[in-house]
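>>> Show me the folded form of this:
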Amino acid sequence: MIAIADCGSTKIDWCFLNDDKVEKQIFTMGMNAVMLTEEEMRTRIADELMPEIDKLKDRINAVYFYGAGCISAEVCGNVARAIRANIPSAQTVEVYTDLLAAARALCGREPGIACIMGTGSNSCLYDGEAIAANVSPLGFILGDEGSGAVLGKLFIGDVLKRQLPAEVSSRFLEEYDLDLLTIIRRVYKEPQANRFLASVTPFLSKNIDVPEIHDMVLGSFRAFFRRNIKNYPGYDKHTVNFIGSIAFYFKPVLEEAAKAEGCRVGDIVKSPMQGLIKFHTSTTH
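Coordinates of the predicted model:
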């Protein structure tokens, strides 16, 4: 039995496969591996995952973990040891960045451009085996164009600076039970401001026909293509493929932005799991 984990900042999607059939799929709390110690990750896995797979744990012989923050050998080693401590039956534990998950799920073994657009955003040029080039996303303060966190940041800023119709701003603040002091506290004093900012994007999706909201989202998506995708050599020879909730729910605006920037959008899927299942069950490990 193999386990595949798709780990984002919000949730981890764990899929347990017997041959090519899904035997169990569960979700646990997300984590960014670069922000947690090995001990913290080991404890989280023990507390959240292990009670759910008690009857399966001794049958698991390989774990393929793709995670946010898995960007160095040191961090990947911490994750691998945290997994091995909880699943000692696994003879193989491989840890990769979530960006490689996107590339393998979207492109398989063919070259292409793969992107993540959810709470954060990222992109890469993929050569069919490995990531050939990556423009650093830089996070929601310096980059992450088009992400949920950046859309939330731009939108809330527009609300508080009275750049939107008064009725729209009032409805938003009432629906989310927010005021100026609460927003300042959530953004500047409490942890995980990126999640808070991204949490308002359903309001944007429901109100995308408001011209000011549409233009803001379009502008952020255009910035994603301009500041990231256009830096890859031969970008215009590839389709640009996406994984993530923001790309999925804002697909028409994303395609509009791509056209305006001279790019072609390919596949857009909400989750990489089905693509990862296909990749790992068609490969001999």
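
>>> which residues of the chain score low on pLDDT?
Where the chain drops to pLDDT under 70, the residues are 283-285.

>>> Could you confirm residue 24 falls within a helix?
No. Read with DSSP: H, G, I helix; E, B strand; the rest coil, residue 24 is strand and lies in no helix.

>>> What strand or helix carries the spatially closest residue to it that is not a sequence neighbour?
Of all residues not flanking residue 24 in the chain, residue 16 sits nearest, at 4.5 Å (Cβ to Cβ, 6 or more residues apart in numbering). Heads up, the C-betas are built off the backbone N, CA and C, glycines and all. Per DSSP states H and E: residue 16 is located in strand 11-18.

>>> circling back: check contacts around the residue nearest to residue 24.
1-3, 22-25, 53, 56, 60 (Cβ atoms under 8 Å, 6 or more residues apart in numbering).

>>> can you do 6 Å?
Each residue near residue 16 by Cβ atoms under 6 Å, 6 or more residues apart in numbering is listed here: 3, 23-24, 56.

>>> bridging residues for it?
residue 3, residue 24 (DSSP bridges).

>>> what separates it from residue 227, distance-wise?
Separation of residue 16 from residue 227 (Cβ to Cβ, to the nearest Å): 39 Å.

>>> and residue 263, what does it touch?
225, 229, 240 are the contacts of residue 263 under Cβ under 6 Å, 6+ apart.

>>> Among these, name the buried ones.
Buried members of those, counted by 16 or more other Cβ atoms under 10 Å: 225, 229, 240.

>>> closest to residue 88 among those?
Using Cβ to Cβ, residue 240 comes nearest to residue 88 of those, at 41.2 Å.

>>> which residues in the stretch 151-285 of the chain form helices?
166-175, 180-188, 193-198, 201-206, 211-227, 245-249, 251-260, 273-281 (DSSP state H, counting those that start in this stretch).
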